[in-house]
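Novice: take this sequence and fold it.
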Amino acid sequence: MHFKHPEILYFLFALIVPILVHLFQLRRFKKEYFTNVRFLKALSIQSRKSSRIKKWLLLASRLLLLFCIIVAFAQPFFESKDSKNASNELYIILDNSFSMQAKGKKGELLKRAVQELLEETPENVNFSLITNSENYWNTDIKSIRNELQNLQYSASPFKLDNIMAKLKAHKTAFKKDIVIITDGIGIDQKQLKNIDDKNFATFIIEKAVPKNNVSIDSVFIQKTLDNFYEISIQLSGYGDNFEPTPISLYNNKSLIAKTTVTLENSKKNINFTIPKTDFHGYASIEDNGLPYDNKYYFSISKPKKVNVISIGEAVKNNFLSRIYTADEFTFESSTLISLDYNKLEEQDVIVLNEVDDIPQALITTLISFIKKGGNLIVIPSALCSISNLNSLLSNFGNLKFNSLENKEKLITKINFDHPIYSNVFEKKVVNFQYPKTNKSFSLTNTTPAILSYEDQSTFLTSINNGIGQIAVFSAPFNIENSNFLQSPLIVPTFYKLAMQNQNSGVNALIVGNSNSHVTTVTLNKDDILVVKGDENEFIPLQQILTNKVKMIFNDSPTQAGNYTIFNKKEKIENISYNYDRSESNLTLSSQNLLSNYKTVESIKSLFDKLQTDRTDNQIWKWFVIFALLFLIIEMAIIRFVK
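Specialist: Below is the predicted model of the structure:
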C-alpha cells in the first residue's frame, strides 16, 4: 500500500491524547457512609466494573476513529500493475480505406468504428487521431465529433508503414500507446516493422461478414472494326458461390447495354460492341460486396489520324506504308536529303529507318521532338557508326549500342507483359516461326526487352521519359539481313509503337497515382486548361509542348468519375478516373498475422483495460466509511452502554 500524502501519518502520534485522557482522569471519588453498607458496597463494585468496560470501549472506538481519519487524509492506494505507463500518449489510427465499406455484424465497418469512438471514448481523454487522409493531433472526442461524423472514405489504400513513419516523426517526450482500428486488408509483415517495443500497439480488428465481392477491374478495346469497337470488361470475383451479377454499360447517363453474368472463375471478361465514336461513360455492376468498385469510368475519344514520317530510302519504307494505312494514319516517307525539318514538329511518330549517317542537326531536332512528347522508332543501319547512334541515345537513359556482331540469331522471346503486346495475343505463343537476323548490334540497356534473341540479348527495347517514347531495334530489317518483315510480329509491333502515348484507346486513370496525361492542343501564352467534373473542377500542373500539353494531376481529383478538359469554354478532351482496386479482395485480411500482436474486441474494452491496468486503486474512501462507522459505534456506546 502507498500513500499520496505520507507526511500526514505523523498525526498518528495524536492517538496518545485520548489514551492519556482515559488513563489519567482528574476526577476524585468521595466516600459516603450509610448505616447498611453491605448492599451498597456490592452495587458500587458492579457499577465500577461496568464503567471501566464502557471507558475501554469508548477509548477503542475513538482511537480507531482518529486512526481512520488520519489515514484517509494521507490518501492510501494500491499501485496499478501498469502504473509506469500511465503517462503514455494515446494515438488512434483509424483505417478509412474503401475495404472498410464492407458490412460486419453491426453494419458498415467504418461507420460502426466511428460510432463506437463517439460513444465509448471518455471526454477527459486526450489523444491524436490519424486516418488515411486526415490528422488530428492532441485533441479530444468533443473537439472532433463533427469531423468523425462526416468522415469520408479515402481513395488511398491503407498503408500502415506510412502512418507509423508519420507517428515516429511526431516527436514527444512520452511513450506512445497506439491503437489501430482496421480490417487488416493489405497489411503484411513489412508494414509492421515500424512497430517496436517503445510503442504499445493494440489492434482492433473489424471483421467483414460475408467476404464475397465482385469488382470491375479494367476495360479495354478487344477489337477495332470499321465502324465499331468491341470492348472487353474484366470482372474479378473474390470469395465463392457467386450469385448472377447484373452488368450495365452507360454512355454519359444513357443505358446502352445490359446483361447478367455468372462467375464460374475468379476472372471473367464480358464483351460489348459500341459505335466507333466518342464514349464518355461507365460500366456498372450490382453485388452485395463493396460498392466502391462497382463502377468503372472510362472514355474513348473519336480516333484522330496519327502523323507518321519515316526517314530513309523509299524502298525500305514500303513496309511501313502498308502498316500505317490512311484510315488511321497520315503517313509520309522522306529521304534524308529531301527531309523538310519544319515538318518534324507536326509529327506524332518519326521512324529513323536505316540511316547510314545521322546529321547533328537531325539529332538535335529529334532530341527536342522526344522531349516534347513525340515517339521515335530507331532501326539502325549496319553502316552507321556506333558513336553516331549513341550521340542520339545518350540523352535518354542508359541505352547504347556496342559492337556489331556478324552472327545469325533467332528472335525467340516475346515480353507479353509489355504494353506493346497487351491484348494482342489471346494466349502466349511459344511455337511460332522464329524470325532471324544475320547481323546485329549488342545493346546495353536497363529497361526490359520487348523482343529478345535466343541468347537473351535484346532485339527491341524502349524508353519512356514520361512524355515521349523512344523504341530501339538492334538490327537492320533489310531482306539481306533479316526476315523480320515476313514475321507475323511486324504489324502489331509497329502499330502499337506508333500508338504509344496517343489518346486512341481507353482512357482511364487511377485516383491518387500522381498520373500525367498528354493532350493535343495548341495554347496561347495566357491560356490554361481546366478539368471539370459533375461536382468539382481543378487546374492541374501544366507543361506546354509545342502542339501538346502535359498535365500532372498529383492528388487531384479525389473522386472517381468522368471529367472533361476545357480551354476556356472549348471542350478539348474527355478523361476518366477510377479508384485503386487493391482493396477489393476481402479474403486477404491479415488477421492471422496480427494475432501475434495485442488485440482487443472493441473501443469500450480498450478503455476499460487501460482504466483497470493503469489506474491506482484508491482506498481512502474506505477509511472515511470506517471513520463514520466508528463514530456511530461511539455514539451507541455512550447511549446504550450503562
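
Novice: what's the distance between residue 554 and residue 513?
Specialist: Spatial separation of residue 554 from residue 513 under the definition Cβ to Cβ, to the nearest Å is 10 Å. C-beta coordinates here come from the backbone N, C-alpha and C atoms, glycine included.

Novice: residue 215: neighbour count?
Specialist: If you count neighbours by other Cβ atoms under 10 Å, residue 215 ends up with 23.

Novice: okay, and the beta partners of it?
Specialist: residue 236 (DSSP bridges).

Novice: residues in contact with it?
Specialist: By Cβ atoms under 8 Å, 6 or more residues apart in numbering, the contact set of residue 215 is 235, 236, 238, 289, 290, 293, 294, 581, 584.

Novice: same question for residue 521.
Specialist: Applying Cβ under 8 Å, 6+ apart, we find residue 521 in contact with 529, 547, 548, 549, 567, 572, 573.

Novice: got it, and residue 469?
Specialist: For residue 469, the contacting residues are 370, 375, 376, 462, 463, 497, 500, 501, by Cβ under 8 Å, 6+ apart.

Novice: the third one against residue 470, yeah?
Specialist: Okay, so that is residue 376. Yes: applying Cβ atoms under 8 Å, one finds residue 376 in contact with residue 470, separated by 4.7 Å.

Novice: which residues of the stretch 1-150 of the chain fall in strands?
Specialist: With DSSP state E, counting those that start in this stretch, the ranges of strands along the stretch 1-150 of the chain come out as 2-3, 76-78, 89-94, 103-104, 107-108, 127-131, 135-139.

Novice: mind checking the ones you listed for the one nearest to residue 245?
Specialist: Distances from residue 245 to each of the strands of the stretch 1-150 of the chain were compared by Cβ to Cβ, and the smallest falls on strand 103-104, at 17.6 Å.

Novice: direction included, what does that closest one pair against?
Specialist: Paired strands of strand 103-104, with direction, are strand 107-108 (antiparallel) (DSSP bridges).

Novice: which residues touch the strand it pairs with?
Specialist: When contacts are taken as Cβ under 8 Å, 6+ apart, the neighbours of strand 107-108 outside the stretch itself are 100, 101, 102.

Novice: residues contacting the first one?
Specialist: Shown in contact with residue 100 (Cβ under 8 Å, 6+ apart): 108, 109, 110, 113, 153, 182, 183, 206.

Novice: next, format those as TSV and append distance to residue 490, neighbour count and pLDDT.
Specialist: Written out in TSV, the entries for these read as follows (distance: Cβ to Cβ, whole Å; neighbours: other Cβ atoms under 10 Å; pLDDT from 0 to 100):
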residue	distance to residue 490	neighbour count	pLDDT
108	54	18	87
109	53	24	89
110	53	26	90
113	57	25	89
153	48	19	90
182	51	25	87
183	50	27	84
206	55	24	83
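
Novice: among the strands of the stretch 1-150 of the chain, which is nearest residue 228?
Specialist: Counting by Cβ to Cβ, and looking across all of the strands of the stretch 1-150 of the chain, nearest comes strand 103-104 at 40.2 Å.

Novice: so how far is that closest one off the chain centroid?
Specialist: Distance of strand 103-104 from its chain centroid, counting by Cα atoms, centre = their mean, to the nearest Å, is 21 Å.

Novice: still on that earlier bit, restricted to strands, list the contacts of residue 215.
Specialist: Per DSSP state E, strands hold the following members of the contacts of residue 215: 235, 236, 238.

Novice: mind listing what's buried along stretch 511-518?
Specialist: 511, 512, 515, 516, 517, 518 (16 or more other Cβ atoms under 10 Å).

Novice: again, but for stretch 531-542
Specialist: Applying a neighbour-count criterion of 16+ other Cβ under 10 Å, one finds 531, 533, 540 buried in stretch 531-542.

Novice: from those residues, which ones fall inside strands?
Specialist: If you go by DSSP E, these have residue 531 in strands.

Novice: switch the buried residues of stretch 531-542 over to JSON lines; also include distance to residue 340.
Specialist: Compiled in JSON lines, the buried residues of stretch 531-542 are given as follows (distance: Cβ to Cβ, whole Å):
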{"residue": "531", "distance to residue 340": "36"}
{"residue": "533", "distance to residue 340": "42"}
{"residue": "540", "distance to residue 340": "35"}
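
Novice: nearest to residue 96, out of the buried residues of stretch 531-542: which one, please.
Specialist: residue 533 (21.9 Å).

Novice: next, give phi and psi for that closest one.
Specialist: In terms of degrees, to the nearest 10, the main-chain angles of residue 533 are phi -120, psi -170.

Novice: ok, it - contacts?
Specialist: Contacts here follow Cβ under 8 Å, 6+ apart; on that basis residue 533 touches 557, 559, 561, 562, 563, 564.

Novice: got a winner among those for most neighbours?
Specialist: Each of the contacts of residue 533 was scored by neighbour count (other Cβ under 10 Å); the top score is that of residue 563, with 26 neighbours.

Novice: what helix or strand is it located in?
Specialist: Residue 563 belongs to strand 561-567 when elements are defined using DSSP states H and E.

Novice: who does that strand pair up with?
Specialist: Determined by DSSP bridges, the sheet partners of strand 561-567 are strand 529-532 (antiparallel), strand 570-578 (antiparallel).

Novice: now it: average pLDDT?
Specialist: Confidence over strand 561-567 (mean pLDDT, whole number) is 91.

Novice: wait, residue 544 touches residue 525, no?
Specialist: No: between residue 544 and residue 525 there is no contact under Cβ under 8 Å: 9.3 Å.

Novice: outline the domain layout of this structure.
Specialist: Segmentation of the chain into domains, based on automatic domain parsing, reads 2-79+622-640, 84-208+589-615, 306-499, 507-578.

Novice: so which of these comes closest to residue 243?
Specialist: Of all the domains of the chain, domain 84-208+589-615 comes closest under Cβ to Cβ, at 15.9 Å.
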